[in-house]
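A.B. asks: the following comprises the amino acid sequence and a computationally predicted model.
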Amino acid sequence: MKVKDIVEALDVIAPFDGACDWDNCGLMCGDPDDGVSRVLVTLDADMYALELALKHQCTAVVSHHPLIFDGLRSVTAAHPVYSYIKNGIAVISVHTCLDAADGGINDLLAQAALIQDPQKLYMDGCALGRYGIAECKDPYEYIDAIKSRLPSNRADYLLSRPIKRAAVVSGSGGSAIELLKTYDCDTLITGEAKHDHFLYAQNNGLNLITLGHFETENIIIEPLVSKLSQMLVQTEFIGSDRTKFIKRR
């Protein structure tokens, strides 16, 4: 199995052309023709993931967040890019294309939020969210149920009205609060939002629930490992064991 075979499989699971124009998806570093027998699947291609890759003798890493996002002016030993290249580990990133993909992160988040028949919500020309009727009788029990399904030990929320139609946007999706009326929704469920987004929700009689950037995206790791394992049977795929990124007390 070669690096380029993993790239091709990911393009089937989460087509790269579904990514936003401002994003960076695909092969971040490495030789497409290098052989691969073991791959780490992780949310972030950071130094922690590098240590895991080395521990498990992985020669490739599949990450959600891009290893290279903004332009690089230098690549020194302090930058993960340097360490991945030095250790001969290829990195392939599937960011907003995995957010938007059928069966991707936001479809999983919609399931966790008990949204019936979820439809695609578009931001920046990409299907970065889902929306539909929410199965919610009690808002507090509803929030606790989503926390349990992710799982997440955090929830910041502002409730202005009953929850009937909700939208989900994984990660940093607070700006979608301004799209709720367009999609006839009363509630946004996302990973993180700015103070201004909560003010907008309050001023416009909307609901906003945040459950953690990491928590709303890490739900993809095990399903992605499973899909890749079924498609590329000669290669072993290992999910990152970082189930708790930021501690809370």
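C.D. replies: That came through, no problem.

A.B. asks: let's verify residue 92: helix, strand, or coil?
C.D. replies: Using DSSP: H, G, I helix; E, B strand; the rest coil, the structure places residue 92 in strand.

A.B. asks: check contacts around it.
C.D. replies: 3, 6-7, 10, 26-28, 30, 60-63 (Cβ atoms under 8 Å, 6 or more residues apart in numbering). C-beta: built from backbone N, CA, C; applies to glycine.

A.B. asks: could you rerun that using 10 Å?
C.D. replies: Shown in contact with residue 92 (Cβ atoms under 10 Å, 6 or more residues apart in numbering): 3-4, 6-7, 9-11, 25-30, 32, 39, 41, 45, 60-63, 66-67.

A.B. asks: which among those residues count as buried?
C.D. replies: Buried residues within the contacts of residue 92, counting neighbours by 16 or more other Cβ atoms under 10 Å: 3-4, 6-7, 9-11, 25-30, 39, 41, 45, 60-63, 66-67.

A.B. asks: in helices only, show me the contacts of residue 92.
C.D. replies: 3-4, 6-7, 9-11 (DSSP state H).

A.B. asks: and the helices in this protein?
C.D. replies: Remark: helices assigned in the chain by DSSP H are 3-13, 47-55, 80-86, 96-100, 105-112, 139-149, 195-203, 213-217, 221-231.

A.B. asks: who does the fourth one touch, helix- and strand-wise?
C.D. replies: Same thing as helix 96-100. If you count contacts as 3 or more Cβ pairs under 10 Å, 6 or more residues apart in numbering; DSSP states H and E, helix 96-100 packs onto helix 3-13, helix 105-112, strand 115-123, strand 126-134.

A.B. asks: average pLDDT for it?
C.D. replies: Taken as a whole, helix 96-100 has a mean pLDDT of 98.

A.B. asks: numbering from 638 from now on, please.
C.D. replies: From this message on, residue numbering opens at 638, which makes the last subject helix 733-737.

A.B. asks: isn't residue 664 right next to residue 700, touching?
C.D. replies: No. If you go by Cβ atoms under 10 Å, residue 664 and residue 700 don't touch, sitting 11.5 Å apart.

A.B. asks: overlap in contacts, the two.
C.D. replies: Residues touching both residue 664 and residue 700 by Cβ under 10 Å, 6+ apart: 728-730.

A.B. asks: and the helices of the chain, which is most packed in?
C.D. replies: Ranked by mean neighbour count, these are led by helix 733-737 with a mean of 27 (mean count of other Cβ atoms under 10 Å).

A.B. asks: could you export it as CSV, CA atoms only?
C.D. replies: Taking C-alpha atoms only, helix 733-737 is exported to CSV below (Å, rounded to 0.1, in the frame of the first residue of the first chain):
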residue,chain,number,x,y,z
THR,A,733,-13.8,21.0,5.7
CYS,A,734,-14.2,18.2,3.1
LEU,A,735,-14.7,15.8,6.0
ASP,A,736,-17.1,18.3,7.7
ALA,A,737,-19.2,18.4,4.6
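
A.B. asks: residue 709: neighbour count?
C.D. replies: Look at residue 709: counted by other Cβ atoms under 10 Å, it has 10 neighbours.

A.B. asks: pLDDT averaged over stretch 756-774 - what is it?
C.D. replies: Mean predicted lDDT for stretch 756-774 stands at 96.
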